[in-house]
Every structure is written in C-alpha cells, then in structure tokens.
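Undergrad: can you look at this prediction? I've put the sequence above it.
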Amino acid sequence: MCFEMISSPRNRWNPGRHAYAYSWIASAICALAALPISPSAAAPAPVSKMDSTLAAQIRRPTLTRPVHGSIRLIAQTRGRLTSAEAQAFRRLGGHIETQFSVIRGFSAVIPANSLAKIAAMPWISRLSSDARVKKLDDYADAAVGSDLVNMKTGLDGAGVTVAVIDSGISTDPDLSGDRGSRVVQGPNFSGDGARLDRCGHGTFIAGLIGGNGAMSDGPRFFRTFKGVAPGVTLLSVKILNDEGVGSVSGALSAIQWCIRNARRDNIRVLNLSFGHPQGESSATDPLCQAVEAAWMRGLLVVCAAGNRGRSVSSDPNSPTAYFTIDSPANDPFVLTVGATDPDETPDRSDDRVATYSSRGPTRIDHILKPDLVAPGNRLISVGKKNTYLAQFSATNGVLLSEYSYTRNPNYSPHYFRLSGASMAAAVVSGAAALLIERDPSLTPDTIKGRLMESAVKQWNFALPPYNLFSRGAGLLNVPGALKCSDTVRGSAISPQVRLNDDGTVSLQDISQVWEGNALWSDNALWSDNVLWSDNALWSDNALWSDNALWSDNALWSDNILWSDNALWSDNALWSDNALWSDNVIWSDVSSVALNGDR
C-alpha cells in the first residue's frame, strides 16, 4: 500500500514554514530581551547568531568561562568561505581547524574576547559551541521479537552495513562470520591516534546490533547473547576517546565521511549512541543539520534520546524530567529512541520505560520525541579486557555462571552489562538492518514510519499507559514492522506539540506535515488504536496543564529556565563545574550507564 506524502523538494526542516509561532514563544523572547546585560557585552554582538552556550558568554560572563580563555566553536557561513573572510577571522585570533561540506561552515578555536567581534561579522550566519559529546549509556531480542525473526525468516542483516559512530570497534568472535570478521575499520576522528576501541563502548554497541553469540553458544551454555542482526556488517567510525568523550566537530567529520562513502561501503544505517544537551533549535544546530544531510542522502539515522529523564540523576524515584532530549536526537527527521527496562526477563509484559530515559518534547522546538522505545536497561553484550569500562567489572561484569554450566566464580572475559538509551538505539539499528535486508529499496522515512506504526502501544497492563513524551509511538516490535507494507513518500518528520489557550496541549495539525494522507491521517498513525493514544497524554488533569511545563510559571518563567538558580547558575548547566568540565556534564561513565534501573 502506498500513500503520497509531501512532494515539494526541501533541503531541511524549517520551523517557520509550518506556522509554529505562538504568542507564548513571543513572550519568552521578550523575557530574554529583558535579561540584564553586563557592560562587557555592550559590543554589537548579535547573540541571536549564537547557541545558548555562547550567548551565556555575552550575557553573563561572570557565570561562565572567563573571557581571557579560548573557545572551541562551529561557525556557519552565509556562503562559501572566501580567502578574505578567512584572513579576517585569523586577524581576530581565530584558528580554523576543519572545513565541512556536510554543513556550510568550519570548526575553529578563538580567543574568548574575540567572540563578540566574530559574531558581528556579516558573513557569519551562526556560531555554535563545539560541545563535547558523550556516549549515552539477551533479553532484548525476545522483548522485541527479533529472536523469532532470525529463526523463522532467516533474516540476520547480511548485506547491510551499519556505521557505528562511537569509540571504535574491536574484533571479537561474536562479531565474526563465515568469512572472518564482520568489522570494517573506518576513519578515526577522535584525535587519540588509535583506531581500536580502548573504551569498550563502541564494541558493546556493535554487539547489541550484530553480535552472533559465538562465545556463549554450544552445549556448555544455557544462555546465548546475540544481537538483533547477527549477520550485519559493522563499520567503525571513531569519534570518542578512551574515556568515551568526543566533540561535535569530530561527529560532523564522521557523518560527512559516511555520506561520501555510503555507496562504496553500502552504508544504510548510522547508529549515534551519543549526544549532548540541546543548546539551540534543530534548525541551526550543526549536528542536526549534518544528520539531516545524511537522511536526505538515504541513510537512516538512529539516535539515542539521552539519559536525563530523572530530575535528580542519581535518584530513580525522583520526578520525571521532561524537555530532556539530547542533540542530535531532537532533530525531527531522525529516529529517536528511548530506553525500557526489560526486567531481565524475555516477556515484555513486565517491561517499564526506564526512569532515566530522556523525555520529550524537545526543549526549544517542542517536537514530539522520542519516536519509540526499546530495551536498554542492564543489557549484556560484548565486553573486552584492557578497556576503560573493564575497570567496572565488579559492578557490571557478567559472571560465567550466569550463562554457562560451571562452578567457576569469576567474571566472563567476553561479556559486560550496561544500561542507557545508547543500548536502546543499538537494538533499533539492528532491527532496521533486518527491514533493509528484506527490502533494500526502503527509504529512511518508510523505515521510521513502519517501526513507529507497528510499535506496541501498551505492553505492561499492570501500569497506567505511558504518555507520548515517555514512550513515543510505543515499544519496538520487529515482527510487526516486517509485516508492515505501508510506504512513506516524503518526509516522516516528527510533529510539534502545541500549547492550547485552555492549558491543554495537542499535536500540530497533521495535514500541515502529512498532507492528510491515509497512512498518516487521524484515523491511522495518530489515532487511539494505532500510534498516539488520547487517553495517555491529552487530559486536562494530566501532565501538560497550566501549572506544568508549558505555563508562564514553569518553562518560560524567570524562576525556572532563565533564572540565576537554574540554567544560568554556577551549579547548573553553564557553570565552570558543569558544561566546561570534563568530569561533570561530560563525564564518560555515569551512574546511569553502570547501574541503570535496578
């Protein structure tokens, strides 16, 4: 069955195109304009060109990094960079590091005291911080049905290449095939010089996507740890260092390389199990622009939603934190995946959405995310000795007795246990490989549509239904997705959420995005019986009332987002101890990745 979608050509998503301007956003902008500006910011620096990280340098320099240091950033230009423009940039102390083709711009290091003058250059269209990106971190197969698919259909992802943009992939028997290793070593953009995975994260992700269980298969074992697509080719594109930390510029280079080499290497899926807190609209975020460019070139981009779904990160009983989707998962094109806890059983009827899984909508554009959820809590996959993660074996190692007939009390040298949206994204990437193996002609939009349409809307009837900003379209259902024959022609972008005058919220008019066609109409994708349930989200007494996140007293008030005690405080996102620190916001292995929901 085939349905006509948006037919007009478009190079990227534009919030203004779909009439997303609301009076309450205008009020927020007015509130921003009223913020006190320090004397040092009196220079004509258009902060509208900057993401919130750089804008903080201008508005509140005493609360951010001192103006005498240096800043790493991504500069976007109005046209192709000329030699005269590059020379003017260098005269202000700027050092251009990498010029990109995936976006119109370059990465650079500048003196902090030149930020205002560089922002005022007329040929500069956007400045974004070159933020550090971090990794977001057996029963999964049964919970999503991929084990039955492998047995009954023989589909295993053979002939499909998934690019794992991560900390590298080490060779391992679980990642081999009849012809040897299925790991292809691609370029290294991490800056640490070694292609192999000395962190362990990328290899773990690769095992969830395409591990074949070789080291847990046979008569000595009663459990086998396989990935979703055990025949897939795994292309390693390294951007994260030994501690699992990288940069936006490294990610841009990696995505750009994948686009250029997609046909040669048969790359069909990009797995992005990393992210950083959102600092600007997806319409200007360079990482979002890059993933959109990959999407337009026919590459399915699967992104981890993030692990910031708890209001207190260390407390699984703390209130849910909404508006916490990371970049680039906030982009409306990509397939954004949240995490569930399979409760270490193969039956999905006891699964829960993980407390740490980031919730939507997106913080600035209010896009409905995640798109779906998949198992991500305390999953077991390939683990390697002599990696950064190996030091946590006492808490995250897998005992040999957990899967083999032995009295040996030691930990397995082959497997490890981790949690997070990173893991959930890997499960979905493996599922996408199976769909592509079945039908190589599928577009990213059709794959996204089928996975969302077939997702299980409610699976644990002992609990109230999860709202849409927690579970998206539902829990991944691989057999259902393979049975789906609906085709999307156009862009299956995730919709925006609107605040109504009466304090309730609703989705944007579907016809603006989907043009009211059959598959994506009110009676299909958005209905109670298919994708989005009215009984989960839209009641007056539920989450999105005037007294919750959408009101003047919540997200947009001086006392929440923009106050000294929240976003701009020394103890919050933009302080020296947070955004600018290697050990806080950008820490490599969080308690969530190690502990998950226990």
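TA: Great, that's in hand.

Undergrad: residue 478 touches residue 431, doesn't it?
TA: Yes - in this structure, residue 478 is within contact of residue 431 by CB atoms under 8 Å, at 4.9 Å. Backbone N, C-alpha and C define where each C-beta goes, glycine included.

Undergrad: the stretch 51-200 of the chain: helices as residue ranges?
TA: Secondary structure of the stretch 51-200 of the chain (DSSP state H, counting those that start in this stretch): helices at 52-59, 83-91, 115-119, 139-144, 146-153.

Undergrad: lowest average pLDDT across these?
TA: Ranked on mean pLDDT, the bottom entry among these is helix 139-144, at a mean of 53.

Undergrad: who's in contact with residue 596?
TA: 341, 354, 356, 376, 377, 378, 418, 419, 420 (CB atoms under 8 Å, 6 or more residues apart in numbering).

Undergrad: what's the neighbour count on the last one?
TA: What that stands for is residue 420. 30 (other CB atoms under 10 Å).

Undergrad: isn't it right up against residue 305?
TA: No - Residue 420 is beyond contact range of residue 305, at 9.8 Å (criterion: CB under 8 Å).

Undergrad: and residue 417, helix, strand or coil?
TA: strand (DSSP: H, G, I helix; E, B strand; the rest coil).

Undergrad: how about it: what's its closest non-neighbour residue?
TA: residue 396 (4.8 Å; CB to CB, 6 or more residues apart in numbering).

Undergrad: next structured bit after the helix or strand hosting residue 254?
TA: Residue 254 is part of helix 248-265 when elements are defined by DSSP states H and E. As assigned by DSSP H and E, the chain's next helix or strand after helix 248-265 is strand 267-272.

Undergrad: quick check: neighbours of that following strand in the sheet, parallel or antiparallel?
TA: Strand 267-272 pairs in its sheet with strand 161-166 (parallel), strand 300-304 (parallel), by DSSP bridges.

Undergrad: right, and the helix or strand after the last one?
TA: Which is strand 300-304. Downstream of strand 300-304, the first helix or strand assigned by DSSP H and E is strand 326-327.

Undergrad: for the record, mean pLDDT for the next helix or strand after that next one?
TA: Once strand 326-327 ends, the next helix or strand along the chain (criterion: DSSP H and E) is strand 335-341. Taken as a whole, strand 335-341 has a mean pLDDT of 96.

Undergrad: by how many degrees do strand 335-341 and strand 267-272 diverge?
TA: 60 degrees (axes from the mean of the first three to the mean of the last three CA atoms, to 10 degrees).

Undergrad: buried ones in strand 335-341?
TA: 335, 336, 337, 338, 339, 340, 341 (16 or more other CB atoms under 10 Å).

Undergrad: one more: stretch 185-205?
TA: For stretch 185-205, by 16+ other CB under 10 Å, it's 185-186, 188-190, 192, 195-205.

Undergrad: what sits against the closest residue to residue 90 other than its chain neighbours?
TA: The shortest distance from residue 90 to any non-neighbouring residue, by CB to CB, 6+ apart, is to residue 96 (7.5 Å). Contact analysis of residue 96 by CB under 8 Å, 6+ apart lists 86, 89, 90, 106, 107, 108.

Undergrad: wait, doesn't the second one sit right on residue 118?
TA: In this case it means residue 89. Yes - counting by CB under 8 Å, residue 89 does reach residue 118; the two are 6.9 Å apart.

Undergrad: now for these two: what residues contact both?
TA: residue 75.

Undergrad: returning to that earlier point: mean neighbour count, the strands paired with strand 267-272: which tops it?
TA: Greatest average neighbour count among the strands paired with strand 267-272 goes to strand 300-304 (a mean of 31), per mean count of other CB atoms under 10 Å.

Undergrad: let me see the mean pLDDT of it.
TA: 97.

Undergrad: also stretch 212-228?
TA: Taken as a whole, stretch 212-228 carries a mean pLDDT of 94.

Undergrad: measure that stretch end to end?
TA: 9 Å (CA to CA, to the nearest Å).

Undergrad: what does it rub up against?
TA: 138, 140-141, 144, 146-147, 150, 157, 172-177, 206-211, 230-231, 380-382, 402-406, 414-415, 426-427, 429-431, 433-434, 478.
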